[in-house]
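**Student:** can't give you the sequence, but here's the structure:
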């Protein structure tokens, strides 16, 4: 018998049911491709529920360039390169003006994917490009190319400084990031009118995505200039190049120190940090590149902790009575809010004094991200959960259990094993999330179960 090729899950349905926890505007269950999906989603929903410094580290370690050609992926729902659109269910009442959500594939390494046959006779799996370094080296501050680094430097003096808008922060009188040199600003503007506010310029092209990220970039810009000025005062004979390079090394070291002593212990906990162990010395033989699976899937766990509100606190760490808080979707690509409305300090106090979003079984990702992403810049609001999953498909990421085996771990307990242990069924697909030919089904005895020995009490030598 031939295997049945089953359509991929509709990502907007999966996102709605798993991530936001409710089917808004119609019974989206009708959009599922197979009746068994309902059972699978029920189990996966519970599993997923178990599963700003992190955002900064993410931006500092990965940036996948998107393939561009004459095709505009925002104008077509055809699955033609480089477009890989996410279809919108017919009964989704939230989006009625479009048939799909646009998605552009990441650029492939030359000689992989469809271009691999140009170089050899055997096709090579498509590989993606990472435009930035995998090191924690403050590339989000200084850029990942010499041209970008030079564009950020203040070369009007020999002091090793970065470019700023001097004293432009309305909340403190301190410096702000410089503006990009644009004839027409690609960032959103104040709907009430006024002067055009360009996008800010920083070492990472995504610095304007949200006001909290702008605030973080601004702090590190100021930190470089603070250190450079101090180095100039204690080493008056140093030229600007020396000051710049030494300040850059110090800022990178600060980021590394903060990551390993403050951020990671909060994320991994004591057991995870014990596994990493104490730093010994630099090992040049270690491959420092970032795994595709880490950059494209694992490190995006922080999306679940993003609040739907950008808090803007006053000196008492309560909501500022004048400017107030603002919905996350209203800060996407909106540097005008920093320049004209809040400045940096209220946003930073909001990050310090506010809490991350609580991840619950019924609300894994805030609807500001799953239903309102970049709403001000697109014909329809995007869905970050659906985009993340589609990016995993684009990059050809393996299943979680396949990755565990690759890393030398046992397979995690599967829904198939749970069914074996709690029904009279003796043969079934190893992966019940896939429609499988009957000849490819396996016996329950061939499906690993959970090892409960870790729960054995160890008292009195037993």
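**Tutor:** Arrived safely. Since we're looking at a predicted model, the values are computed, not measured.
**Student:** C-alpha only now, for contacts and for neighbours.
**Tutor:** OK.
**Student:** now residue 136: closest residue in space that isn't a chain neighbour?
**Tutor:** Once its chain neighbours are removed from consideration, residue 136 has its nearest residue in residue 256; the separation is 6.1 Å (Cα to Cα, 6 or more residues apart in numbering).
**Student:** and that neighbour, helix, strand or coil?
**Tutor:** Under DSSP: H, G, I helix; E, B strand; the rest coil, the three-state class of residue 256 is helix.
**Student:** quick one: it from residue 228, how far?
**Tutor:** Taking Cα to Cα, to the nearest Å as the measure, residue 256 falls 19 Å from residue 228.
**Student:** which of the two has more residues huddled nearby?
**Tutor:** Between residue 256 and residue 228, counted using other Cα atoms under 10 Å, residue 228 has the larger neighbour count: 24 against 18.
**Student:** for that one, what are phi and psi?
**Tutor:** Here is the backbone geometry of residue 228 (degrees, to the nearest 10): phi -60, psi -40.
**Student:** repeat for residue 368
**Tutor:** The phi/psi pair for residue 368 (degrees, to the nearest 10) is phi -60, psi -30.
**Student:** now residue 327
**Tutor:** Here is the backbone geometry of residue 327 (degrees, to the nearest 10): phi -60, psi 140.
**Student:** I'd like to know how many residues surround it.
**Tutor:** Look at residue 327: counted by other Cα under 10 Å, it has 14 neighbours.
**Student:** residue 259 now?
**Tutor:** For residue 259, the count of nearby residues is 17 (other Cα under 10 Å).
**Student:** again, but for residue 155
**Tutor:** The burial count assigned to residue 155 is 15, neighbours taken as other Cα under 10 Å.
**Student:** show me what contacts it?
**Tutor:** Contacts of residue 155 were listed using Cα atoms under 8 Å, 6 or more residues apart in numbering, and they are residue 161.
**Student:** what helix or strand is it on?
**Tutor:** Assigned by DSSP states H and E, residue 155 falls within no helix or strand.
**Student:** show me where the stretch 51-200 of the chain has helices.
**Tutor:** 53-61, 139-142, 146-152 (DSSP state H, counting those that start in this stretch).
**Student:** which of those helices has the lowest average pLDDT?
**Tutor:** Mean pLDDT values for these show the minimum at helix 53-61, a mean of 52.
**Student:** where does pLDDT dip in the stretch 301-450 of the chain?
**Tutor:** Judged against pLDDT under 70, the low-scoring parts of the stretch 301-450 of the chain cover residues 361, 370, 372-380, 433-436.
**Student:** where do the helices of it begin and end?
**Tutor:** Using DSSP H, counting those that start in this stretch, the helices of the stretch 301-450 of the chain run over 335-336, 345-353, 367-370, 384-395, 400-406, 415-422.
**Student:** and the third one, what other elements does it pack with?
**Tutor:** Read it as helix 367-370. helix 384-395 (3 or more Cα pairs under 8 Å, 6 or more residues apart in numbering; DSSP states H and E).
**Student:** and the chain, what are its domains?
**Tutor:** The chain breaks down into these structural domains: 11-107, 130-277+288-357, 402-455 (assignment by automatic domain parsing).
**Student:** okay, now the residue nearest to residue 215 when sequence neighbours are not counted: neighbour count?
**Tutor:** Leaving aside its chain neighbours, residue 215 sits nearest to residue 344 (5.4 Å; criterion: Cα to Cα, 6+ apart). Using other Cα under 10 Å as the criterion, residue 344 is surrounded by 26 other residues.
**Student:** how far away is residue 344 from residue 336?
**Tutor:** Distance, residue 344 to residue 336, by Cα to Cα: 12 Å.
**Student:** I appreciate the help and will end here.
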